[in-house]
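Peer 1: I would like to see how this sequence folds:
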Amino acid sequence: MTDRITSPSSLWFQPSEAGPDAALRLFLFPHAGSGASIYKEWPDLLPADVAHHCVQLPGRQDRASEETFTEMEPLVEALQEAITQELDDRPYAFFGHCMGAQLAYRLAVALEKSGRPAPVLVGVSGWAPKDFKTPTLEQAYMPIEELKGWIRALGSVPTEIMDDPKALEMIIPAMRADLAVVASYLDDGAAIGCPIVSYSGNEDQLMERGAMASWVDRTSSYLGNSEFSGDHFYMNNIDNTIGVTSDLVRHIRRAVTP
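Peer 2: Here you go, the predicted model:
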């Protein structure tokens with residue numbers, strides 16, 4: 001595990017506990033620069049028996065005072081420690097968008113290698129092991145005005161925040177840290193035992209056409225890709241989010257049904 005002093009597991013997940021009536025648990029990982037709040041619409045879209053846990057990384061929102069991670073491996077180690085403390089005997093699944101998809105995948109790899117209970121399904125969106133335009137470390141530390149321009153062009157931050165200098169100033173450190181995390185990632189081709197299902201926008205500016213096919217070699221059971229109308233942040237469209245959540249829940253139920 002990392003040498004960093006880890007935070008209580010309850011800080012990593014919002015909410016941290018699953019209600020007694022929930023038969024399944026779903027952990028949701030955010031994209032670079034964002035926090036747990038990007039999944040604020042999901043609780044209303046999930047059925048009552050699926051408990052949601054939005055992952056909150058250090059250095060943003062209610063964890064803004066904490067030191068951010070800047071490398072993939074230590075972050076995955078910290079997540080593994082946190083989720084190991086949090087799990088119970090109920091089956092669980094992962095879902096993540098972009099950097100969140102990387103984290104979900106690498107955490108599943110780490111959990112399987114450790115012999116701990118692994119997720120029954122990993123859902124990935126907006127990232128693929130190959131043909132993804134990975135940012136460089138130089139981009140992570142580009143001058144502030146260049147970084148703002150890059151963020152604006154990508155469309156990852158709402159306009160009201162981009163137009164508010166104080167609000168934008170608050171998210172820049174987390175964005176730089178997360179870009180560094182992504183830039184530090186070295187792919188080893190690891191496969192996981194549970195099924196993987198993927199989702200993407202048909203005009204994603206960060207991926208080559210057909211990139212999602214590279215998930216085939218990362219699992220013995222690739223369930224295919226669902227493509228939606230839109231760019232890298234296609235889930236900003238609520239209809240697309242509804243489509244993703246309904247399909248994801250369908251696959252989770254199938255994964256836990258004998």
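
Peer 1: the strands in the stretch 101-250 of the chain, which residues?
Peer 2: 121-125, 196-201, 222-228 (DSSP state E, counting those that start in this stretch).

Peer 1: which of the ones you listed is buried the deepest?
Peer 2: Across those, averaging neighbours per residue (mean count of other Cβ atoms under 10 Å) puts strand 121-125 on top, at a mean of 27. Where C-beta positions appear, they are placed from N, C-alpha and C, glycine not excepted.

Peer 1: want to throw the strands of the stretch 101-250 of the chain into JSON lines with mean pLDDT?
Peer 2: Compiled in JSON lines, these are given as follows (pLDDT from 0 to 100):
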{"stretch": "strand 121-125", "mean pLDDT": "98"}
{"stretch": "strand 196-201", "mean pLDDT": "98"}
{"stretch": "strand 222-228", "mean pLDDT": "97"}
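
Peer 1: Of all those strands, which one is nearest D131?
Peer 2: Minimum separation from D131 across these (Cβ to Cβ) falls at strand 196-201, 11.4 Å.

Peer 1: Residues in contact with that closest one: which ones?
Peer 2: 105, 121-126, 128, 207, 211-212, 215, 218-219, 221-234, 240, 244, 247-248, 251 (Cβ atoms under 8 Å, 6 or more residues apart in numbering).

Peer 1: Pull the distance from it to the chain's centre.
Peer 2: 12 Å (Cα atoms, centre = their mean, to the nearest Å).

Peer 1: Just checking: what are the partner strands of it?
Peer 2: Strand 196-201 has its sheet partners listed here by DSSP bridges as strand 121-125 (parallel), strand 222-228 (parallel).

Peer 1: mind saving the C-alpha coords of that strand as PDB?
Peer 2: Extracted as PDB, the C-alpha positions of strand 196-201 are listed here (Å, rounded to 0.1, in the frame of the first residue of the first chain):
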ATOM      1  CA  ILE A 196     -16.800  -5.600 -19.100                       C
ATOM      2  CA  VAL A 197     -19.400  -3.500 -20.900                       C
ATOM      3  CA  SER A 198     -18.600  -0.200 -22.500                       C
ATOM      4  CA  TYR A 199     -20.300   3.100 -23.600                       C
ATOM      5  CA  SER A 200     -19.200   5.900 -25.800                       C
ATOM      6  CA  GLY A 201     -20.200   9.000 -27.700                       C
END
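
Peer 1: And the helix or strand harbouring T84, how far out from the chain middle?
Peer 2: Using DSSP states H and E, T84 sits in helix 72-86. Relative to the centre of its chain, helix 72-86 is centred 13 Å away, using Cα atoms, centre = their mean.

Peer 1: again with stretch 92-104
Peer 2: For stretch 92-104 - counting by Cα atoms, centre = their mean - the centre lies 3 Å from the chain centre.

Peer 1: now the helices: where do they sit in the stretch 151-258 of the chain?
Peer 2: 159-162, 165-183, 238-256 (DSSP state H, counting those that start in this stretch).

Peer 1: Kind regards, and thank you for your time.
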